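J.: coordinates only, no sequence provided:
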């Protein structure tokens, strides 16, 4: 009786959400913080912008390959095992980044980080969606996603302090240790499914709570996996995700570098844009995904993509006007932060929960490819022209095309497909 009361007092969904929040905070401090450290790595190691973009691409190549497996493994083995094991790899790769001496070492070590990071999105988003009722998913993903906004915002202030007192290498060492600590916390507190604890997802109405949780048919699951690629919505959502990821990473990867070397800001002022961007993410993820539970995922994503295009145009027009630039970056951050949980939620809205991890892993392939194209294109054009004007303009066009594709997505009339 006591155990039952305890479960009702604090639903395990909130413990899962809290642990996943910290996972995202550390992971995205590592991943998005790269753009904050890039100017210092360029200065001390002599990298070109194209090489800087290619180092990030090494991360994404490995990340998208393993995201396909982590989604599948999450459906098969459970999120707790997958997240805990890959967190070890994340810690190893991050620590090794502090020892980098040349371009190829940076690519290899950041690729290891990407391997570990592959379990810090798809399994986590899948896990949180399984623990919350469908009408509460936008709220849960919004709260969860403040983790990566806060991670980015914190690193925008934290990294310059560490660099000033020691060097950029210590930033990697500190976060590597943090990733190792999360291995223990994940293993102790995460639970893969509410059914394993005899619970229904949090927020489930009493009238919809099943008397018994029946395990899905393995045969049915196998047929469903084969049918995913035949569904038009998968491709529309996927290519829209590709385009908006390209748009966002054209700004994110080179934002601090742009302010530092093209606009002439001091490093501290340039890196503070990452903090503004991160704070904007927090504001966005606490409002936009939650609103989508009521006004619809499709319309919210369409509106968000258009706003991203507008904010990038404002960044270009702001030039070196620090106030206008900061407001534009904060505006972009708000819609950046909501983009990934919104597209992740599509995996739960349009497909059955038993294969949600596989679907989100598949969609992550599009996202990663978009980021890879952005990093290579943006860095290469900057090296050739000496300006980010062409890459940033391309980002506007890409965001508008992403909005157009999502316009044609139709919600299944009989519920999630496959």
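T.: Thanks, I have it. Since the model is a prediction, treat every value here as computed from it, not as a measurement. Numbers count the residues shown, from 1 in each chain.

J.: how far out from the middle of the chain is stretch 55-65?
T.: Averaging C-alpha positions (CA atoms, centre = their mean, to the nearest Å) puts stretch 55-65 13 Å from its chain's average.

J.: now do stretch 175-185
T.: 19 Å.

J.: how about stretch 107-118?
T.: Worked out by CA atoms, centre = their mean, stretch 107-118 lies 15 Å from the chain centre.

J.: mind listing what's buried in it?
T.: Neighbour-count burial for stretch 107-118 flags 107, 109, 110, 111, 112, 113, 114, 115, 116, 117, 118 (criterion: 16 or more other CB atoms under 10 Å). C-beta coordinates here come from the backbone N, C-alpha and C atoms, glycine included.

J.: same check on stretch 297-307?
T.: Neighbour-count burial for stretch 297-307 [16+ other CB under 10 Å]: 297, 298, 300, 301, 302, 303, 304, 305, 306, 307.

J.: ok so, going back, the buried residues of stretch 107-118 into CSV, with extra columns for secondary structure and distance to residue 345?
T.: Formatted as CSV, those follow (DSSP: H, G, I helix; E, B strand; the rest coil; distance: CB to CB, whole Å):
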residue, secondary structure, distance to residue 345
107, helix, 33
109, helix, 33
110, helix, 28
111, helix, 29
112, helix, 29
113, helix, 26
114, helix, 24
115, helix, 25
116, helix, 24
117, helix, 20
118, coil, 19
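
J.: now, the most widely separated pair of the residues you listed?
T.: 107 and 118 (16.6 Å; CB to CB).

J.: distance check, the residue nearest the centre of the chain against residue 244.
T.: Geometric centre of the chain, nearest residue: residue 340, 5.5 Å, by CA atoms, centre = their mean. Distance of residue 340 to residue 244, given as CB to CB, to the nearest Å: 9 Å.

J.: tell me how many other residues surround residue 375.
T.: 27 (other CB atoms under 10 Å).

J.: what's the answer for the one 10 residues further on, then?
T.: By other CB under 10 Å, 11 other residues sit near residue 385.

J.: repeat that for residue 379.
T.: Neighbours of residue 379 (other CB under 10 Å): 28.

J.: for stretch 290-305, what is the average pLDDT?
T.: Stretch 290-305 shows an average pLDDT of 81 in the prediction.

J.: chain center to it, what's the gap?
T.: 18 Å.

J.: wait, residue 238 sits on residue 361?
T.: No. With contact defined as CB atoms under 8 Å, residue 238 does not count as touching residue 361 (11.6 Å).

J.: of the two, who's got more company?
T.: Of the pair residue 238 and residue 361, residue 361 is the one with more neighbours under other CB under 10 Å, namely 27 against 23.

J.: pull out the buried residues from whichever strand or helix holds the more buried one.
T.: Element membership of residue 361, judged by DSSP states H and E, is helix 356-385. Residues 356-375, 377-382 are the ones in helix 356-385 that count as buried (16+ other CB under 10 Å).

J.: what is that helix packed up against?
T.: helix 49-77, helix 122-131, helix 232-252, helix 322-350, helix 389-407 (3 or more CB pairs under 8 Å, 6 or more residues apart in numbering; DSSP states H and E).

J.: now the angle from the third one to helix 389-407?
T.: Translated: helix 232-252. 160 degrees (axes from the mean of the first three to the mean of the last three CA atoms, to 10 degrees).

J.: may I see the buried residues of helix 232-252?
T.: In helix 232-252, counting by 16+ other CB under 10 Å, buried: 233-234, 236-252.

J.: what's the answer for the shortest one, then?
T.: Of the residues in helix 122-131, those buried by neighbour count under the rule 16+ other CB under 10 Å are 122, 123, 124, 125, 126, 127, 128, 129, 130, 131.

J.: contacts for it?
T.: 12-13, 16-17, 20, 23-24, 67, 70-71, 73-75, 79, 82-83, 137, 140-141, 144, 190, 192-194, 201-202, 341, 344-345, 347-348, 353, 356-357, 360-361, 364 (CB atoms under 8 Å, 6 or more residues apart in numbering).

J.: try 6 Å this time
T.: When contacts are defined by CB atoms under 6 Å, 6 or more residues apart in numbering, helix 122-131 is touched by residues 13, 16, 20, 67, 70-71, 74, 79, 82-83, 137, 140, 144, 193-194, 201, 344, 348, 356-357, 360-361, 364.

J.: right, and the helix or strand after the helix or strand where residue 293 lies?
T.: For residue 293, the host element (DSSP H and E) is helix 288-295. Counting by DSSP H and E, the next helix or strand C-terminal to helix 288-295 is helix 297-318.

J.: what angle do that following helix and helix 322-350 make?
T.: 160 degrees.

J.: quick one, helix 297-318 and helix 288-295 angle?
T.: 140 degrees.

J.: now what about stretch 325-337, what contacts it?
T.: Contacts of stretch 325-337 (CB under 6 Å, 6+ apart): 145, 149, 248, 273, 276-277, 280-281, 283-285, 304, 307-308, 311, 314-315, 318.

J.: 8 Å instead?
T.: 145-146, 148-149, 248, 251-252, 255, 259, 263, 273, 276-285, 288, 304-305, 307-308, 310-312, 314-315, 318-319.

J.: now do the one helix or strand residue 83 maps to: distance to the chain's middle.
T.: Taking DSSP H and E as the criterion, residue 83 maps to helix 79-97. Relative to the chain's own centre, helix 79-97 is displaced by 16 Å; criterion: CA atoms, centre = their mean.

J.: now the angle from it to helix 122-131?
T.: 150 degrees.

J.: check which residues of helix 79-97 are buried.
T.: Those would be 79-87, 89-97, for helix 79-97 by 16+ other CB under 10 Å.

J.: packing partners of it?
T.: helix 12-31, helix 49-77, helix 103-117, helix 122-131, helix 168-189.

J.: need the contact partners of that helix.
T.: So helix 79-97 is in contact with 23, 27, 30, 66, 70, 73-74, 106, 109-120, 123-124, 126-127, 172-173, 175-180, 182-183, 186-187, 190-192, 357, going by CB under 8 Å, 6+ apart.
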